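Visitor: Coordinates for the following, if possible.
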Amino acid sequence: MVLHRQSARGQSALLSTELLAYYRQVSHARLSVVDVETTGSLADKARVIEVSVLQASLADGIQQQQTHLINPGVRIPAQITRITGITQPMIELAIAPEAIWPQYQTLLSTGVLTAHNLAFDYSFLQSEYQRLGIDYGRSPDQQFCTVLLSRLMLADLPSRRLPDLVEHFGFDVSTSHRAAADTLACWYLAKHLLHQIQQEPDESLLKQFGRQWMRLKDAAKLLKRRQQEAYALLEAANLEVRLSYRSQKPLYRRGDVERVLWQQQGQQLSLL
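Guide: Residues are numbered from 1 along each chain as shown. Okay, the predicted model is just below:
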């Protein structure tokens, strides 16, 4: 089975059984774990000032890691320095992007590209390579976001931010918001969750996946309905609901949404 997307958008349209099949494949693969520190949040406007890539697998552990500060010739906002500790003098002594990124191309093009909130790091990688006239891309089945797996397996934790997960699990890493430390933290998290994927039976994992909280728009994709139609179906089913912290919009358990889907499919089959 090929899963065509590992993005948040694509994952919401996949059944738990399909997701489990994907993660079992990933658990046996070599991971290329990446983290970038940047001057801002938008890849088309901000620049990467530090990168780290760690290659590892559950079978062999960490094989290698390399980390570099990068000097893209821009000013570092004061807020970024406060968060990362990276100062202007530090990057002024660093190597230019055109010298660094070709060195990382092989590492970033092998194994399963992995990050905590991969969409962020991946957008910056693509942007930096594009500036050098290099076409960089990874197929969706070679991408793995630990945030998405955390939502499935750690649904009831109050936070799935990487620093909070480091504290929750007691991972032995140095200060967060530096590329080497965050890459190592992401690897420890991936190793912890993927070990569970390998070792626990399907029934246990699918029950765990079913506790994920889904937004209405994601539930609608899984149900293959418009949001208004999905909302009516979910309300009629009298499911457990909670409101999202930021938007105060309804959230539903993945398992409940899938049960509604199966009921709808059963009703459709009975009419044939």
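Visitor: which ones are touching residue 62?
Guide: Contacts for residue 62 (Cβ atoms under 8 Å, 6 or more residues apart in numbering) come out as 54-56, 187. (C-beta placed from N, C-alpha, C; glycine too.)
Visitor: from the residues you listed, which single one is nearest residue 68?
Guide: The closest of the contacts of residue 62 to residue 68 turns out to be residue 54 (Cβ to Cβ; 13.2 Å).
Visitor: gap between that closest one and residue 91?
Guide: Residue 54 sits 21 Å away from residue 91, going by Cβ to Cβ, to the nearest Å.
Visitor: do the same with residue 78
Guide: Taken as Cβ to Cβ, the span from residue 78 to residue 91 is 14 Å.
Visitor: which one of these two has more residues nearby?
Guide: More neighbours surround residue 91 than the other of residue 78 and residue 91, with 21 against 10 (other Cβ atoms under 10 Å).
Visitor: Which element, helix or strand, includes the more buried one?
Guide: helix 88-92 (DSSP states H and E).
Visitor: Please pull up the helix or strand immediately following that helix.
Guide: Counting by DSSP H and E, the element after helix 88-92 in chain order, helix or strand, is helix 97-108.
Visitor: Which strands and helices lie in contact with that following helix?
Guide: Counting by 3 or more Cβ pairs under 8 Å, 6 or more residues apart in numbering; DSSP states H and E, the packing neighbours recorded for helix 97-108 are strand 31-38, strand 48-57, strand 61-69, helix 118-131.
Visitor: Check those for me and report the most buried one.
Guide: Per residue and on average, the most neighbours among these fall to strand 31-38, with a mean of 26 (mean count of other Cβ atoms under 10 Å).
Visitor: That strand pairs with which strands?
Guide: The strands beside strand 31-38 in its sheet (DSSP bridges) come out as strand 48-57 (antiparallel), strand 112-115 (parallel).
Visitor: Make TSV from the ones you listed and add distance to residue 246 and mean pLDDT to it.
Guide: Shown next, in TSV, are the strands paired with strand 31-38 (distance: least, Cβ to Cβ, whole Å; pLDDT from 0 to 100):
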stretch	distance to residue 246	mean pLDDT
strand 48-57	27	98
strand 112-115	22	98
